[in-house]
Structure formats: C-alpha cells, structure tokens
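*Asks:* Sequence and computational prediction follow.
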Amino acid sequence: MVNNRTFSHYADALVKENLQTLLASTTNPERFKQTMNRLGVLLGDVVKKQITHDDARCLVVSTAEDADYLSNGVRDVLSESFNTLTAVFWNNHYSSLNGSMAPIVHKYLQSGYEMSDTLVVVKSVVSGSCVVRTNILALIENINVKNIYIVSPVMHIYAADNLKKEFPPEIADKFVFVYFAQDAVRDEFGEVKPGIGGQVYNLLGLSDQPVKVDYMPELVKQLAFA
Amino acid sequence: MSIKKLTNQQKIPKNIHHYAYSEFFPYYDNNYELLTKYLPLRQNLAKITGQQSLDQLDYALKLMHGAWMSTVESRTIQQILDSVECEGKPSILCKSMLELETVPVWLSDLIHGNPAFNGVQVSVECARVKVRCNGFEATASVMLFNKTPDQNELNNLTNPLQLINFVIKKAQAELS
C-alpha cells in the first residue's frame, strides 16, 4: 500500500506505470488523454478474457467525457472479439439536499443496444458510484443482461459495496468489478485521492462537465452524425 | 399495517377527503426495489414527472425525499413541490399547461420540409423539447425556445449536429 492505495491483481508493471503517468499529467491534457486511452486498452484486455461466450453482445457505456479516451480503449479491444455497441450519457453531477445527483440530460444509444447481453460500464474514476448507478438504471429495464462489468482504473475502496447496496441481489450478483487500483482517501468534495490526479473534466482540458460546456465526443459525431 | 393505514385515513379532515389519502410504503433496501416492486409509487411519480425511465423516476424520488426530509417544520405539499422544482437541475416536474406542449413554430419550420434534417424528430413532452436523431436524444425546457433565435443563429443551424449542439447549449441554463 502506497498513499493508501492498493492494487488489484490485474495491475502489472505496465499498468502501474500508466497510473503514475496519469498522476504526472495533471497539467498536460494531451498526455492525460493518451494515458487514459492506454488504460482503457489494458482494462479492455482484462474484460475480454472474462467474457466466456464468443457470441457476447457488449454495450460499452460511458459518460461523454470518457467516451473518446478511456472508453474508446475498452471498446477497441472488445470490438475485436465481440459485437460491441455504444451508449454515452451526459449526466449533470451535482450535490443536492439528498446527496449526490447525476440526472441524465442528453444521451446517445446506438441502434440495437437493446439486444446487448453484456453491459460494460466504463468510468475514469469511481468514487461514490452515483453516476454509474444512474446510468445502469437508465438501461437495466431495456436489456436482458447476463453480466455487468464496472470498469475503471481507480475506485474508492467502498465504491463497489455502495453500488451493490443500491440493487437487489438478482442484479448486484451480475456485477463484476474490474479495476487496477483502490484508494482509501476521499476529500470533502468526494474526490478520490490520489485517484486520477483531480477532476477528470479539467484533466482532459474541459472547463466543466460536458453537459455544461459545448462538448460532443468525436465518437458520437461519427456514430450519429457522420 | 393496513390497520394503521386505515386509522390514518380516518384522521384526514373530511374537507380534503376527495383528494387526500393515507398510503403505506413497504420497506425496501433501496430505491430500485421501491420503484420496481411498489408500483403505486412508480405510477404516481410517472404522473407528476411525465417520465417512465427508471433513472428519471429515481431522480424524482431522490429530489422528493430530499425536499421532504430537509426540515422538521410542517409545510404544504406545494412548498415541498416548490423545493423539488428548485433543487432539480434540470427540473423533473411535469408542467402540463397546454401552451407548453407544442413545438415552437420557428423550430417546426426549421425542420419540416428541409432535407438537411431528414431523420430528425422534434417533440415536446411535459414542457421539454426533445430532439432525436440516429439514437441521440437532447432535451431542454420548452421555455428556453420561446424566443425565435436571431437570423445569424438560424443560419448556423444547417444540419442535425448543429441543432443538437444548439439544444445542449440551451439546456445549460437549467443546470446551475
């Protein structure tokens, strides 16, 4: 354990090097994006090995800010072996009287997503799991899903248990958490420390959440508007 | 439990009997189970939000619960709903005034008969404009579309992506 961080058994030397590069790229958005993409590829490799049926139909789910980088890496790997579709959500993440909220304001759901049987929910960092939970709720009634992979380079140590508590066992038992590092510290704003080095929006070079700035991932432009 | 429900029912003043009733909420460990297993809650939240999707109903429930529990002082239902409206970013309560249910004329004129917008669907549901195209859905309050954009803005709306970006930009006013 270093700085209250523990690593999963998926975290080899290359993974650890990339996690360190993330933390060293807080003022370099281009390097941060590239590193996130590489971590996505590495996470995708882990998920790919865990999907046992060749005819899996994967739906890679992410927020708008992760779509072109971390999520793209995961998608690239999975699409080599499986039928892989995309869902992207524009959440408004904020604090309210009843805690953390992340309503979906805009969304992109690739045609045929309802036929997916494997959800792969990708998130650059999972802290309180509010966004992940909301995005699963948006899909769970429309899809007959066998497994739900929650995929992230870094998670808070309680994130998995907190997410499981939000669902009955018949759904929570489908969760498979794939991550490289767990951090024990969270600041007063709910940000995991050291996590990915700060707020993902700023690290990617955005001034705020995608829903509050004019941000459209290239992936969605290609899939929906090309 | 049903006895308590009946006892409470009898405490409701006669003059509000025609619209007020006692309700028993069974215990569940989380919102997901409450919404999917106790259907009266889901059905009534769907009525006041105009939403069916579980994520939106959960959002409404969290806002409602937060408003309800935020103080021990007695409040009217209207005050609780006002608090829900205030805390929602965006608002989740359905506004059913008739004038808010039609697609703004300028938007309708822009889309219809223009081949550049083939495949784009525009509707107004519960006072929210919804623009859909190839799996994308962007939403914003219809109130934000009342004023016809100036000619420069209209000239820049020449394809579905520009229109979707326009809606996303409009919606930002609801999020702070």
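*Replies:* Perfect, thanks for sending it. Numbers count the residues shown, from 1 in each chain, chains lettered A, B, ... in the order given.

*Asks:* show me where chain B has strands.
*Replies:* B:121-125, B:128-133, B:136-141 (DSSP state E).

*Asks:* So which elements touch the second one?
*Replies:* When contacts are defined as 3 or more Cβ pairs under 8 Å, 6 or more residues apart in numbering or on different chains; DSSP states H and E, strand B:128-133 sits against strand B:121-125, strand B:136-141, helix B:160-171. For every residue, glycine as well, the C-beta is placed using N, CA and C.

*Asks:* Excluding chain neighbours, what is closest to the closest residue to chain B within chain A?
*Replies:* Closest residue of chain A to chain B, Cβ to the nearest Cβ: A:Asn98 (2.9 Å). Once flanking residues are discounted, A:Asn98 sits nearest to B:Gly66: 2.9 Å by Cβ to Cβ, 6 or more residues apart in numbering or on different chains.

*Asks:* any idea how far B:His112 is from that neighbour?
*Replies:* According to Cβ to Cβ, to the nearest Å, B:Gly66 and B:His112 sit 41 Å apart.

*Asks:* Same drill for those two, tell me which one is more crowded.
*Replies:* B:Gly66 (17 against 11; other Cβ atoms under 10 Å in any protein chain shown).

*Asks:* these two touch, right, that one and B:Gly88?
*Replies:* No. The pair B:Gly66 and B:Gly88 fails to qualify as a contact (Cβ atoms under 8 Å) at a distance of 10.2 Å.

*Asks:* Within range of chain B, give me the residues from chain A.
*Replies:* When proximity is defined as Cβ under 8 Å from any Cβ of the partner chain, chain A approaches chain B at A:90, A:92, A:94, A:96-99, A:101, A:103-111, A:113, A:134-135, A:137-138, A:140-141, A:165-168, A:171, A:211-214, A:216, A:220-221, A:223-225.

*Asks:* Let's see that with 7 Å instead.
*Replies:* When proximity is defined by Cβ under 7 Å from any Cβ of the partner chain, chain A lies next to chain B at A:92, A:94, A:96-98, A:101, A:103-111, A:134, A:137-138, A:140-141, A:165-168, A:211-212, A:214, A:216, A:221, A:224-225.

*Asks:* Show the end-to-end separation of stretch A:186-194, please.
*Replies:* Using Cα to Cα, to the nearest Å, the span of stretch A:186-194 from its first residue to its last is 9 Å.

*Asks:* can you list the weak-confidence ranges in the chain?
*Replies:* Assuming you mean chain A. Flagging of chain A using pLDDT under 70 yields the residue ranges A:1-3.

*Asks:* You answered for a different chain; I wanted chain B.
*Replies:* B:1, B:96-100.

*Asks:* Which positions in it make contact with chain A?
*Replies:* Taking Cβ under 7 Å from any Cβ as the contact definition, chain B meets chain A at B:29-30, B:32-33, B:53-55, B:58-59, B:62-63, B:65-67, B:70, B:87, B:89-90, B:133-139, B:160-161, B:165, B:168-169, B:171-172, B:175.

*Asks:* Drop anything exposed from these.
*Replies:* Among the residues of chain B next to chain A, those buried by neighbour count (16 or more other Cβ atoms under 10 Å in any protein chain shown) are B:32-33, B:53-55, B:58-59, B:62-63, B:66-67, B:87, B:89-90, B:133-139, B:160-161, B:165, B:168, B:171-172, B:175.

*Asks:* would you list every one of the strands in chain A?
*Replies:* A:5-7, A:57-63, A:83-91, A:94-96, A:99-101, A:104-109, A:118-122, A:125-126, A:147-156, A:175-183, A:185-186, A:192-193.

*Asks:* ranges for the helices of chain B?
*Replies:* Taking DSSP state H to define them, one finds helices in chain B at B:2-11, B:31-37, B:39-49, B:54-69, B:77-87, B:105-111, B:151-155, B:160-171.

*Asks:* pull the CA atoms of the helix ranked longest in chain A into CSV?
*Replies:* As assigned by DSSP H, the longest helix anywhere in chain A is helix A:29-50. This file holds the C-alpha atoms of helix A:29-50, laid out as CSV (Å, rounded to 0.1, in the frame of the first residue of the first chain):
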residue,chain,number,x,y,z
PRO,A,29,-4.3,17.2,-21.2
GLU,A,30,-3.0,15.5,-24.3
ARG,A,31,-0.8,13.1,-22.4
PHE,A,32,-3.6,12.5,-19.9
LYS,A,33,-6.0,11.6,-22.8
GLN,A,34,-3.4,9.3,-24.3
THR,A,35,-2.8,7.6,-21.0
MET,A,36,-6.5,7.2,-20.3
ASN,A,37,-6.8,5.5,-23.7
ARG,A,38,-4.0,3.1,-23.0
LEU,A,39,-5.5,2.3,-19.6
GLY,A,40,-8.8,1.6,-21.5
VAL,A,41,-7.0,-0.9,-23.7
LEU,A,42,-5.5,-2.6,-20.7
LEU,A,43,-8.8,-2.7,-18.9
GLY,A,44,-10.4,-4.0,-22.1
ASP,A,45,-7.9,-6.8,-22.2
VAL,A,46,-9.0,-7.9,-18.7
VAL,A,47,-12.7,-7.7,-19.5
LYS,A,48,-12.2,-9.6,-22.8
LYS,A,49,-10.6,-12.5,-21.0
GLN,A,50,-13.5,-12.7,-18.6
